[in-house]
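Peer 1: here is the input, now give the coordinates:
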Amino acid sequence: ERIRSCLVAFAKKRFDEQNAVCMETEPSEDGAVTCRPRPEILAPISPSNFDLIGLVLPKLGLTPDSLLVDLGCGDGRWIIAASDEYRCQCIGFDIDKERLDMATKAISERGLTDLVAVKWQDIFEAVESDVLANADVIVMYLFREAMKRLSKILQDGIRNEKVKPDATIVCLGFHLPSFVPEWEGESSDGVRVYIYRAEVRAHTTERPGLPTCCNG
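Peer 2: Predicted structure coming up:
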């Protein structure tokens, strides 16, 4: 727990430093170069333990007809593992170009280019584009502040039918406010993982039993 806390603190410090630097855009036709703030970085640079991925994936009920969306996919290890094992469609979003390049290379090497895609985009821009409307599984490893914001978006999406009511949500590191987990676990390196159903919120009076996908 102490090591994990130190890693998160270091990551947030690095992100704050990066966010203070502007990034150049493409020059305009008149040759001028504009500068805009970097997208807000919402997730720690702390790739998931492969043992944890192997523990969680069988609990998600993935099939070749499933769509998995990874918000903050990093080097793509969740989407690559899911598609490699279950032949499901996957898409990942991140703003770290270096890790997206790693993901793209790994996807190609595994022969998964027809099933897996990654996109350089802020996750909140992505969810605003209705990318979650067809998602059967949503994976996220985000800081607590981002989880709070995303919780509200998911609740609004459920009410407005922009999120599947039976979608499975996987949260790493931090719990999802206003939702009740159906399963909780921990990786060998101390990272907590929570599995939710989209329709299960904290105001539910009775804690539901585990669905078939989460038994065992």
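Peer 1: could I get the full set of strands for this protein?
Peer 2: 22-24, 35-37, 67-71, 89-94, 116-120, 137-140, 168-172, 183-186, 192-197 (DSSP state E).
Peer 1: now the fourth one against strand 116-120, angle please.
Peer 2: Using axes from the mean of the first three to the mean of the last three CA atoms, to 10 degrees, the inter-axis angle of strand 89-94 relative to strand 116-120 is 20 degrees.
Peer 1: surely Asp166 meets Ile158?
Peer 2: No: between Asp166 and Ile158 there is no contact under CB atoms under 8 Å: 10.2 Å. For glycine as for every other residue, the C-beta is placed from the backbone atoms N, C-alpha and C.
Peer 1: just to revisit the earlier point, dump the strands of the chain into a markdown table; add distance to Glu128 as well.
Peer 2: Compiled in a markdown table, the strands of the chain are given as follows (distance: least, CB to CB, whole Å):
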| stretch | distance to Glu128 |
| --- | --- |
| strand 22-24 | 21 |
| strand 35-37 | 18 |
| strand 67-71 | 12 |
| strand 89-94 | 12 |
| strand 116-120 | 14 |
| strand 137-140 | 15 |
| strand 168-172 | 18 |
| strand 183-186 | 29 |
| strand 192-197 | 21 |
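Peer 1: tabulate those (a markdown table), appending mean neighbour count and mean pLDDT.
Peer 2: Compiled in a markdown table, the strands of the chain are given as follows (neighbours: other CB atoms under 10 Å; pLDDT from 0 to 100):
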| stretch | mean neighbour count | mean pLDDT |
| --- | --- | --- |
| strand 22-24 | 10 | 44 |
| strand 35-37 | 9 | 46 |
| strand 67-71 | 24 | 97 |
| strand 89-94 | 25 | 97 |
| strand 116-120 | 19 | 97 |
| strand 137-140 | 25 | 96 |
| strand 168-172 | 24 | 96 |
| strand 183-186 | 14 | 94 |
| strand 192-197 | 20 | 95 |
